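In: just coords:
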């Protein structure tokens, strides 16, 4: 497989991503939407998830497509970002038709960034407005690193962030990933190399090669540190998949989190993966798609941390500052 033209999830034609953030808040929102509603599945493996409208993504539920997905900071407060997204989609005439009414379908997931040093003393919840701003900014080109839902993200050692990557398979199918990395675990070996190194394409996160050495006797940190919890992600493809296959694709993609974050899926993380299909290609290969989704998501995790930029009040160094860490 090779990286797509943009090396972003928007290499899957018909998808757009928008970011919005508040520097003082040290938090933000990322929205994935499309030219048309898209099929969606979800799988949760973390022990502390925060979600909205994920039950309707089960294969046996009535609604078969969604209008947008929201990744947000702000813990449970951030779930309100979907309100702003719904308002924008409603104004555009989007939504699930129920008689004369239209209801935009906007599932979402949040990460915990309430203790990252930002000003959280708001009176009115800022997330609905950030959600609307992110929707309005949606485009095929978007920034990664300290952007959107990854603005105030942290990991065990480095500042986290928003990452994305893509791959084009031999038959022409495209797979992409979008992820906000705010993990309890570490994305790098003690040497500073990314655990995702074996799946890197080119030098997209430094070209440092394999991470290591890994000490299987090392004890992981047993306690959660402030501001470090939850990696939330979306994988997407243009292969035509319905909700059951997308649920399986989301499950397979979790392998990418396990490859790139050590440990992942802890009791204190709300690790979650959405999977979406635009359905423009009919030649789906379930085996190849699952493998590609995991590889692309691992790369996106590393790219998030690799691209993170410093900001006033940060409580952790960026990976690029590792010589001073």
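Out: Nice, thanks for sending it over. Treat the numbers as computed from the prediction; the structure is a model and nothing was measured. Numbering: from 1, shown residues only.

In: low-confidence ranges in the stretch 101-250 of the chain?
Out: Filtered on pLDDT under 70, the stretch 101-250 of the chain yields the residue ranges 211-228.

In: quick one, strands of it?
Out: 101-103, 108-110, 161-168, 174-181, 231-239 (DSSP state E, counting those that start in this stretch).

In: okay if I get the ones you listed as JSON lines plus distance to residue 2?
Out: The C-beta positions use only the backbone N, C-alpha and C, and glycine is treated the same way. Shown next, in JSON lines, are the strands of the stretch 101-250 of the chain (distance: least, Cβ to Cβ, whole Å):
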{"stretch": "strand 101-103", "distance to residue 2": "40"}
{"stretch": "strand 108-110", "distance to residue 2": "29"}
{"stretch": "strand 161-168", "distance to residue 2": "6"}
{"stretch": "strand 174-181", "distance to residue 2": "10"}
{"stretch": "strand 231-239", "distance to residue 2": "15"}
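
In: now, of the ones you listed, which is deepest in the fold?
Out: strand 174-181 (a mean of 32; mean count of other Cβ atoms under 10 Å).

In: sorry, back to before: to residue 257, which of the strands of the stretch 101-250 of the chain lies closest?
Out: Comparison of those against residue 257 by Cβ to Cβ identifies strand 231-239 as nearest, at 5.9 Å.

In: in its sheet, what does the closest one sit against?
Out: strand 174-181 (antiparallel), strand 272-281 (parallel) (DSSP bridges).

In: quick one: which of these is nearest residue 62?
Out: When the strands paired with strand 231-239 are compared by Cβ to Cβ, strand 272-281 sits nearest residue 62, at 17.9 Å.

In: could you point out which element follows that closest one?
Out: With elements assigned by DSSP states H and E, the helix or strand that comes after strand 272-281 is helix 286-306.

In: packing partners for that following helix?
Out: strand 161-168, strand 174-181, strand 231-239, helix 243-260 (3 or more Cβ pairs under 8 Å, 6 or more residues apart in numbering; DSSP states H and E).

In: my read is residue 4 is in a strand, agree?
Out: No: judged by DSSP: H, G, I helix; E, B strand; the rest coil, residue 4 forms no part of a strand; its state is coil.

In: grab the nearest non-local neighbour of it.
Out: Spatial nearest neighbour of residue 4, chain neighbours left out: residue 11 (3.1 Å); criterion: Cβ to Cβ, 6 or more residues apart in numbering.

In: what residues are up against residue 253?
Out: By Cβ atoms under 8 Å, 6 or more residues apart in numbering, the contact set of residue 253 is 43, 177, 233, 235, 273, 275, 290, 293-294, 297.

In: I'd like those written out as a markdown table, with distance to residue 120 added.
Out: Formatted as a markdown table, the contacts of residue 253 follow (distance: Cβ to Cβ, whole Å):
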| residue | distance to residue 120 |
| --- | --- |
| 43 | 30 |
| 177 | 29 |
| 233 | 24 |
| 235 | 31 |
| 273 | 27 |
| 275 | 32 |
| 290 | 39 |
| 293 | 34 |
| 294 | 35 |
| 297 | 29 |
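
In: quick check: closest non-adjacent residue to residue 206.
Out: residue 306 (6.1 Å).

In: contact partners for the one you found?
Out: 145, 163, 194, 204-206, 319-320.

In: mind redoing it with 10 Å?
Out: 144-145, 158, 161, 163, 187-188, 194, 196, 200, 203-206, 208, 318-320 (Cβ atoms under 10 Å, 6 or more residues apart in numbering).

In: what's the PyMOL syntax to select whichever of those are buried?
Out: Paste this into PyMOL to select the buried members of those, with burial taken from 16 or more other Cβ atoms under 10 Å:
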select buried, resi 144+145+158+161+163+187+188+194+196+200+204+205+206+208+318+319+320
